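*Asks:* Any chance you could fold what I've pasted below:
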Amino acid sequence: MTPAETMRRFGHLLTPFEQSEILEYQQIYFVGNNLKDKIKGIPHTPLNNGYDDERGDYRITMGDHLEYRYEVLAVLGRGSFGQVLRVFDHKKDMVVALKIIRNKKRFHHQALVEVKILEHLMGRDREHKSNIVRVHGYFYFRNHLMLTFEPLSLNLYEFIKNNNFKGLSLSLIRRFAIQLLQSLKFLKSERIIHCDLKPENVLLKAPNKSTIKLIDFGSSCFEDERVYTYIQSRFYRSPEVILGLPYDIAIDMWSFGCILAELYTGYPLFPGENEVEQFQCMMEVLGLPPKRLVQECTRKKTFFDMQTGKPLLTPNTRGKIRQPGSKDISSATRCNDPAFLSFLRRCLRWDPKVRMTPEKAFEHPFITGIKPEGHSFSSTSSSTNGTPTHHSSHSHSHSHASPHRASGGGGGGGSHPGSGQQSSRGDKVQAKVASGENTTRSSGMQPHPPSAGPSMPVTARHTPAADGDHHDPPSISKSGGGGSTNRKPSSRAQPYIQAQQQQQQHTPSSASSSHQHARHPSISNSSTSSNKPLFPPIAASQSKNSNGGGGSHPGSATNSGHTTARQHQPLHIQQQQQAQG
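*Replies:* Model prediction:
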C-alpha cells in the first residue's frame with residue numbers, strides 16, 4: 001500500500017522518525033508488530049540517529065521491519081562485518097537470509113565486491129549447475145548495506161559436530177567432493193579465487209539431502225584483482241599464503257583437500273594454534289617444503305633459521321614440538337583407502353604449480369571410482385612434496401587435541417541450488433554417486449538433530465590482527481584481533497577437545513577400528529535409503545506469521561563465527577540416549 005494509506009491505517013505502529021521516513025518509499029509491505037519495542041530514532045543524533053551500537057552494527061528488534069518490507073524473525077549470527085538474520089519478505093511471501101553490513105565504509109566496499117562477484121557468477125550460471133549461492137539483491141536502509149540470499153540448511157562443520165566429530169563415510173565424502181569440484185571448476189573458468197573455503201562455508205541445501213552449496217564470497221577476488229595477502233581461515237590456509245608467496249586459484253584446492261580430510265576424521269588435518277604452528281603441522285605430515293619455495297618466500301625468518309635454513313621448531317601451548325616428517329597422510333587420517341589417500345596427497349602438494357586442478361581431480365580414481373589397470377597409488381607424500389622425509393609408521397594418534405577453530409577469516413555468502421554437473425565426466429560420476437549407494441560403514445548412529453530453519457553462515461572479515469599471528473583474521477566469537485602464540489583454546493575449540501577426551505575415555509584400544517566403526521551414515525537422494533531422515537524437516541516456523549523462535553539455524557553465523565560457545569554433551573551420555581532411543 002502507499003505511505004499515505006499506511007499512515008492512515010497503521011500510524012499507531014510508527015515512531016515519529018518512521019512517520020517522516022516512510023514518505024521516502026513508494027510501496028509499504030510491513031511496518032512492524034509492536035511500537036513499544038522499536039528503536040526510537042532521533043534525527044541528527046550520534047550513532048546513526050540511535051539505530052547503531054558503538055561498533056556500527058544495526059540494533060536489531062525482533063518483529064520489526066527492515067525497509068518496510070522484511071520482518072525480522074531471528075538473528076542467525078554476528079561477525080566482524082555485521083549480522084545475518086532470518087527474515088520474512090512480505091513482498092515475495094518467502095523466507096530469506098539477510099546480511100546487514102556494519103555502518104563502516106571498508107565493510108560496505110567489501111560487501112559490494114561480494115555482490116559484484118556473485119552477480120557475475122549468477123549471470124554465467126543461468127542453469128544453476130555450479131552449486132554456488134544465489135544472491136537475491138541488495139539495498140541500503142538507514143545507512144546500512146543489506147544483502148538478501150536464499151535460505152539454506154546445515155553447514156558441514158555442524159554436520160560433523162552433530163555426529164560427535166566421528167567423520168563421514170568415503171561414499172558420502174565423494175558426493176560432497178564432486179559437487180565442490182564442480183564449484184571450483186566453475187570458479188577457475190571465471191578466474192575467481194574463493195579465498196575462504198572451509199566446512200562452515202559449505203551448506204546442505206536441505207536437511208536430509210546430500211546436495212550442497214558453496215557460500216561466503218566476502219573474501220573472494222578475481223585472479224587479476226588480488227588485493228589481500230591476509231586471506232583464508234588458518235586451518236585451511238595454503239603454504240603459499242603463509243609464506244608470503246604469490247597465490248592463485250590453487251589455494252582453493254589446498255583448502256578443498258583439508259576439508260575432505262576433516263570430513264573423514266572429524267577433526268582438522270592441520271590444527272595449528274597460530275600461524276607458526278600451522279606451518280609446523282604441515283611439515284609434520286608433509287615433510288619439509290621444496291627449497292625453491294623457501295628461497296622465494298617473503299616470510300622466511302618467521303619459519304626458518306636464517307643461518308642454517310632449518311625450520312624453527314617451537315613448542316605449542318601444550319609443550320608439544322612437531323617434528324617434520326614424523327607422520328604421513330595415512331597415519332594422520334588413520335585411513336587405508338589408497339585412492340582417497342592419493343587424492344589428498346595431490347591436493348596437498350607444497351608447490352601450487354604441481355597441485356591437482358579441478359579438471360584433473362575429476363579424472364582421479366577416487367572420484368571416478370575406477371582404478372586404472374596396472375596402477376598403484378603412492379604410499380608416501382614425499383614424492384609429491386619435494387624434500388624426501390622419513391615417516392613414522394607407528395604414529396596413529398590424532399594431532400587435534402586442542403585446535404583453535406575460531407580464527408577463521410572470510411566474508412558472508414550463500415549458496416546455489418542443486419548439484420548440477422559441468423563436465424561430461426562430472427555428469428557420469430555424479431549420476432553414479434547419487435544413485436543411492438549405501439555410505440554406512442557401521443552402525444546406524446544418527447547425529448543429533450539441528451535447530452530448525454534455513455540460514456546462511458557468517459564469517460569474519462579481513463581486519464589486521466592486533467598482535468601475534470598477524471595473518472589470522474579476527475574471531476567472530478571475540479571482539480579482538482588475531483591471538484598471540486600463548487592464547488588459550490577458544491570457545492570454538494572446546495567441542496573438539498571435549499569430544500576427543502570423551503572418546504579417549506570410552507574408546508577401545510584399537511583406534512583405527514573404532515574410528516571406522518563410527519562412520520556417518522549416508523545422506524541419500526535415493527528412495528532406497530532409510531525412510532527415517534537424518535534430520536527433521538525444516539519447521540513451519542518459517543511461515544509468514546512466524547515469530548522466529550526456536551534458536552539460531554544450522555549454518556548460521558553462530559556456526560561459523562559464533563558469538564556463543566558451542567554446547568556439547570559428554571559422549572557417553574549421548575550414546576546412552578541413543579541406545580535408549
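*Asks:* Spit out the contact partners of the residue nearest to residue 167 when sequence neighbours are not counted.
*Replies:* Using Cβ to Cβ, 6 or more residues apart in numbering and skipping the chain neighbours, the partner closest in space to residue 167 is residue 266 (4.1 Å). In this view, the C-beta of every residue, glycine as well, is placed from N, C-alpha and C. Taking Cβ atoms under 8 Å, 6 or more residues apart in numbering as the criterion, residue 266 is in contact with 160, 163-167, 499.
*Asks:* one more time with 6 Å, if that's ok
*Replies:* Listed by Cβ atoms under 6 Å, 6 or more residues apart in numbering, the contact partners of residue 266 are 160, 165-167.
*Asks:* Is it possible to get JSON lines of those that adds neighbour count, distance to residue 154 and pLDDT?
*Replies:* Output for those, formatted as JSON lines (neighbours: other Cβ atoms under 10 Å; distance: Cβ to Cβ, whole Å; pLDDT from 0 to 100):
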{"residue": "160", "neighbour count": "25", "distance to residue 154": "10", "pLDDT": "95"}
{"residue": "165", "neighbour count": "23", "distance to residue 154": "15", "pLDDT": "95"}
{"residue": "166", "neighbour count": "22", "distance to residue 154": "16", "pLDDT": "91"}
{"residue": "167", "neighbour count": "26", "distance to residue 154": "16", "pLDDT": "92"}
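*Asks:* and the nearest residue to residue 204 once chain neighbours are set aside, what does it touch?
*Replies:* Of all residues beyond its chain neighbours, the one nearest residue 204 is residue 153 (4.4 Å), with distances taken as Cβ to Cβ, 6+ apart. With contact set as Cβ under 6 Å, 6+ apart, residue 153 has these partners: 204, 206-207.
*Asks:* Take those and lay them out in a markdown table including distance to residue 26.
*Replies:* What follows is the contacts of residue 153, written out as a markdown table (distance: Cβ to Cβ, whole Å):
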| residue | distance to residue 26 |
| --- | --- |
| 204 | 38 |
| 206 | 36 |
| 207 | 38 |
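*Asks:* In strands, which of those fall?
*Replies:* Under the assignment DSSP state E, these contribute residue 204 to strands.
*Asks:* what's the closest of the contacts of residue 153 to residue 371?
*Replies:* residue 204 (29.8 Å; Cβ to Cβ).
*Asks:* what sits opposite the closest one in the beta ladder?
*Replies:* With beta bridges defined as DSSP bridges, residue 204 has these partners: residue 212.
*Asks:* ok, it to residue 268 distance?
*Replies:* When distance is defined by Cβ to Cβ, to the nearest Å, residue 204 is 20 Å away from residue 268.
*Asks:* Strands - which of the contacts of residue 266 land there?
*Replies:* Within the contacts of residue 266, membership in strands is found for no residue, as judged by DSSP E.
*Asks:* Include distance to residue 12 when you put those residues into TSV, please.
*Replies:* As requested, these are exported to TSV (distance: Cβ to Cβ, whole Å):
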residue	distance to residue 12
160	49
165	52
166	55
167	56
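*Asks:* quick one on the thing from earlier: would you quantify the distance from the residue nearest to residue 204 to residue 202?
*Replies:* Residue 153 sits 11 Å away from residue 202 when distances are taken as Cβ to Cβ.
*Asks:* Make sure residue 50 is actually in contact with residue 42.
*Replies:* Yes - the criterion here is Cβ atoms under 6 Å, and residue 50 meets it with residue 42 at 5.4 Å.
*Asks:* Closest one to residue 74 out of the contacts of residue 153, please.
*Replies:* Out of the contacts of residue 153, the one with the shortest distance to residue 74 is residue 207. That distance is 16.6 Å, counting by Cβ to Cβ.
*Asks:* Fine by me, we can end here.
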